[in-house]
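# This is the structure alone, sequence omitted:
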């Protein structure tokens, strides 16, 4: 876990997996931990790849909840090894921009009576 106070406070939950494929159950467990620890960002890092269901669930979470999910797979790690910290920071910035676009729709949609 990491915390920071910059323009705002944020708490990040990290989980590193040395597995061939990260499953939906792995992300679901981290969502539970994030809720319990009141984290804002879940970062999953793997030396392998993410199942398509992990990517889909991550997008669904970001679209409907306050959480942000960052997925760092083998190809991102390899790019970091070749290009250094600038490459990783660039990836995180691109991910943040994509998340902002996704979450912008949250304020453009009217709330349903079910969500009140």
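Okay, I see it. Quick caveat: nothing in here was measured; it's all calculated off a predicted structure.
# Name the residues of the host helix or strand of residue 92 that are buried.
Residue 92 is part of helix 85-108 when elements are defined by DSSP states H and E. Neighbour counts using 16 or more other CB atoms under 10 Å place 88, 91, 95, 99 of helix 85-108 among the buried residues. The C-beta positions use only the backbone N, C-alpha and C, and glycine is treated the same way.
# now, which of those residues sits nearest residue 73?
Comparing the buried residues of helix 85-108 against residue 73 with CB to CB places residue 91 closest, at 10.6 Å.
# Could you say which helix or strand holds the residue nearest to that closest one when sequence neighbours are not counted?
The shortest distance from residue 91 to any residue that is not its chain neighbour, by CB to CB, 6 or more residues apart in numbering, is 5.7 Å, and that residue is residue 76. Assigned by DSSP H and E, residue 76 belongs to helix 74-83.
# helices or strands up against that helix?
Other helices and strands packing on helix 74-83, by 3 or more CB pairs under 8 Å, 6 or more residues apart in numbering; DSSP states H and E, are helix 85-108.
# Contacts for the helix it packs on next, please.
Outside of helix 85-108, the residues within contact range by CB atoms under 8 Å, 6 or more residues apart in numbering are 59, 62, 63, 64, 68, 70, 72, 76, 79, 80.
# Would you check that residue 39 makes contact with residue 14?
No - taking contacts as CB atoms under 8 Å, residue 39 lies outside contact range of residue 14: 9.5 Å.
# Find the residues that touch each one of those two.
In contact with both residue 39 and residue 14: residue 1, using CB under 8 Å, 6+ apart.
# three-state assignment of the residue nearest the centre of the chain?
Note on the chain: the residue nearest the mean C-alpha position is residue 69, at 1.3 Å, using CA atoms, centre = their mean. At residue 69 the chain is in strand, as set by DSSP: H, G, I helix; E, B strand; the rest coil.
# What is the neighbour count of the nearest residue to it once chain neighbours are set aside?
Of all residues beyond its chain neighbours, the one nearest residue 69 is residue 58 (3.7 Å), with distances taken as CB to CB, 6+ apart. Burial of residue 58 is recorded as 22 neighbouring residues (other CB atoms under 10 Å).
# Brilliant, that's me finished.
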